[in-house]
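**Student:** Sequence first, predicted model second:
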Amino acid sequence: MTDNLSLLSRKDLIEKLAAIEHERWAHWQSYLHEQCVRQEDGSLIIPAKLAERWEKQIATPYTSLSDEEKNSDREQVYRYLPVIESELSSDWR
């Protein structure tokens, strides 16, 4: 794919994907902050149950995740598909 992409379109693709990644990250951080307990100094404490759950997920390979967890990951990938599909289809024109 990179051989067929011009330098300009490759940079454009990277920027489009980076924008989606930032949106995804910001959405996750917003969710994470909502789950935490804010301290007087502004720091956040993650509830133990959530920390335990997320640490388990971090240590689990994708193939070993539950169907629900896999679906959650797939939902995130759907954000990227339109940009990738558009780039692939324009690359073959």
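**Tutor:** Cool, the structure landed. As the structure is a computational prediction, the values presented were derived from the model and not from experiment.
**Student:** CA only for contacts and neighbour counts going forward, please
**Tutor:** Will do.
**Student:** number of nearby residues for Ser9?
**Tutor:** Neighbours of Ser9 under the rule other CA atoms under 10 Å: 14.
**Student:** which residues touch it?
**Tutor:** With contact set as CA atoms under 8 Å, 6 or more residues apart in numbering, Ser9 has no partners.
**Student:** and whichever strand or helix holds Pro82, which residues are buried?
**Tutor:** Assigned by DSSP states H and E, Pro82 falls within helix 81-91. Buried residues in helix 81-91, defined by neighbour count with 16 or more other CA atoms under 10 Å: Glu87.
**Student:** what is the mean pLDDT for stretch 77-84?
**Tutor:** Model confidence over stretch 77-84 averages 92 on the pLDDT scale.
**Student:** The top helix by length along the chain vs helix 81-91, what angle?
**Tutor:** Looking across the chain with DSSP state H, the single longest helix is helix 7-35. Using axes from the mean of the first three to the mean of the last three CA atoms, to 10 degrees, the direction of helix 7-35 lies 170 degrees away from that of helix 81-91.
**Student:** Moving C-terminal from helix 7-35, which element do we reach first?
**Tutor:** Moving toward the C-terminus from helix 7-35, the next helix or strand (DSSP H and E) is strand 37-38.
**Student:** Give me the contacts around that next one.
**Tutor:** 44-47.
**Student:** again, 7 Å this time
**Tutor:** 44-46 (CA atoms under 7 Å, 6 or more residues apart in numbering).
**Student:** Dump these into CSV; add secondary structure and pLDDT as well.
**Tutor:** Formatted as CSV, the contacts of strand 37-38 follow (DSSP: H, G, I helix; E, B strand; the rest coil; pLDDT from 0 to 100):
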residue, secondary structure, pLDDT
Leu44, strand, 98
Ile45, strand, 98
Ile46, coil, 98
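**Student:** Which one of those residues is nearest to Gln35?
**Tutor:** Ile46 (7.0 Å; CA to CA).
**Student:** The closest one reaches Cys36, doesn't it?
**Tutor:** Yes: if you go by CA atoms under 7 Å, Ile46 and Cys36 touch, sitting 4.7 Å apart.
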